[in-house]
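K.L.:
Just to be clear, the model below is a prediction. Sequence and coordinates:
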Amino acid sequence: MTETRAQLREFLLGWFEKNMPGNVFFWYDILVVLWIAAFTVALHYIIRGTAKHFLKGKFEIMNEKQVKNVTLELIQRLATRLSFALQGAVVVIQAKLWLAEGVAFLHFVEVITDQWIIIFLLLSLFTFLDILQSLSDRRPTPAHFPLRGLLQTVKLIASILTTILAVSLLMDKSPLILLSGLGALSAVLLLVFKDPILGLVAGIQLSANNMLAVGDWLEMPKYGADGDVVDIALTTVKVRNWDKTITTIPTYALISDSFKNWRGMSESGGRRIKRSIHLEMSSVCFLDKTQLIELKKAQLLSEYIASTVTAIEKENSDKNADMTVLQNGRRMTNVGTFRKYLVSFLKNHPNIHQGMTLIVRQLEPTSNGLPIQIYAFTNTTSWAVYEDIQSDIFDHIIAVLPAFSLRVHESPTGNDIRLLAKH
């Protein structure tokens, strides 16, 4: 201690000897403790007040909007925890200023404050990492890099190193001694931290290959996941399913197992329609002149029928085909004309993406009839709008079938059986 502090200490010891009963060093230590406590409390309120003053404008904006601003709360928490760590340092400095070297009470204060400083520095680091995560979550476009998993890894490593440092201070040994002893425990540590290690490796692979990001639509039937990815953590990935349930998937499972990511569909701007309508095969027939005249009235078919009828008549005339026989020559069928109508209908539909694949094809007939498949893309990826567009298209297709003398295939129902029984 300096001469001034030594004189003040002697003065206080003399005053305690004259006016206070018992051990004068006991009363002196109490006075030092009260002084340190008062100084640290005052310092805490000064730092806290400064932080509030610095963030005053931002907190007023938050109160006006009545919105919970997580980032500002975390910043305030960081200032509080840093102030606690600073108070621990102040306690050590003040104790060394007013207490003599080698005093047992000074050693006790140093041990307690060292642990105090380590704990609140670790908590401050955690809060700082949470602020980074909060700022990342506020970005309009989510980052593909698994920041949450990386930050959790940093927290885990920091916790281990802090524990080693705290134990070494309590034992008054070098941290290197404890670190050297961890080599024998490496197998146990690998077993204990197997999931975090696998999760970290999986997170890096997911990010490096741009396989998954927060906001993607993930489908993984093995784990019952079908919805939006809401969080990619160190060991787990959370998926909010369309029924609003939450499915948790191990991060490493996304590398070892297969999953479907619908991001490509969302980014393309179009969503696929791939649905078939099954026609009754007995309704398939050649079109006669009367039917052709009626179908030619349809704006979507008039040009096609006119050009096709001219080409067919010319070909049949060139081959001298006897058209009185049904098997001779070329003829237009109702199902073929129906397919051409659907192609023209989809090409003129305002909600069908014309820059993507558009096919109307006939699939292999089965016991369920003749499938006519619609393969096209809507110009929106919104689920509700997509379903409306698809339903409207097939409403129209079913309603227009009688104009082509076609019928939808239906398996016999109970009512059909009852009608047969009556006859």
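P.N.:
Nice, I can see it.

K.L.:
Only C-alpha atoms from now on, for both contacts and neighbour counts.
P.N.:
Will do.

K.L.:
Low-confidence stretches in the stretch 51-200 of the chain?
P.N.:
51-69, 94-106, 137, 139-146, 148-149, 177-190 (pLDDT under 70).

K.L.:
Which parts of it are strands?
P.N.:
Listed in chain order, the strands of the stretch 51-200 of the chain (DSSP state E, counting those that start in this stretch) amount to none at all.

K.L.:
Show me where it has its helices.
P.N.:
56-65, 70-98, 104-137, 147-171, 175-181, 186-192, 194-208 (DSSP state H, counting those that start in this stretch).

K.L.:
Can you add mean neighbour count and distance to Arg275 and give those helices back as JSON lines?
P.N.:
Putting those into JSON lines (neighbours: other Cα atoms under 10 Å; distance: least, Cα to Cα, whole Å) gives the following:
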{"stretch": "helix 56-65", "mean neighbour count": "12", "distance to Arg275": "48"}
{"stretch": "helix 70-98", "mean neighbour count": "19", "distance to Arg275": "46"}
{"stretch": "helix 104-137", "mean neighbour count": "17", "distance to Arg275": "39"}
{"stretch": "helix 147-171", "mean neighbour count": "17", "distance to Arg275": "40"}
{"stretch": "helix 175-181", "mean neighbour count": "12", "distance to Arg275": "64"}
{"stretch": "helix 186-192", "mean neighbour count": "11", "distance to Arg275": "50"}
{"stretch": "helix 194-208", "mean neighbour count": "19", "distance to Arg275": "33"}
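
K.L.:
and the ones you listed as CSV, adding distance to Lys347?
P.N.:
Rendered in CSV, the data for the helices of the stretch 51-200 of the chain read as follows (distance: least, Cα to Cα, whole Å):
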stretch, distance to Lys347
helix 56-65, 48
helix 70-98, 50
helix 104-137, 41
helix 147-171, 45
helix 175-181, 71
helix 186-192, 60
helix 194-208, 39
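
K.L.:
wait, which of the ones you listed is closest to Gly224?
P.N.:
Among the helices of the stretch 51-200 of the chain, helix 194-208 comes nearest to Gly224, with 20.0 Å by Cα to Cα.

K.L.:
by how many degrees do that closest one and helix 147-171 diverge?
P.N.:
Between the direction of helix 194-208 and that of helix 147-171, the angle (axes from the mean of the first three to the mean of the last three Cα atoms, to 10 degrees) works out to 140 degrees.

K.L.:
next SSE after helix 194-208?
P.N.:
Next helix or strand after helix 194-208 toward the C-terminus (DSSP states H and E): strand 217-220.

K.L.:
tell me what that next one is packed against?
P.N.:
Taking 3 or more Cα pairs under 8 Å, 6 or more residues apart in numbering; DSSP states H and E as the contact definition, the neighbouring helices and strands of strand 217-220 are strand 225-232, strand 260-261.

K.L.:
partners of it, with directions?
P.N.:
When sheet partners are counted by DSSP bridges, strand 217-220 sits next to strand 225-232 (antiparallel), strand 260-261 (antiparallel).

K.L.:
Identify all contacting residues around the first one.
P.N.:
Residues from elsewhere that reach strand 225-232, judged by Cα atoms under 8 Å, 6 or more residues apart in numbering: 146, 148-149, 213-220, 237-242, 247, 251.

K.L.:
centre of the chain versus it, how much separation?
P.N.:
Taking Cα atoms, centre = their mean, to the nearest Å, the mean C-alpha location of strand 225-232 is offset from the chain mean by 5 Å.
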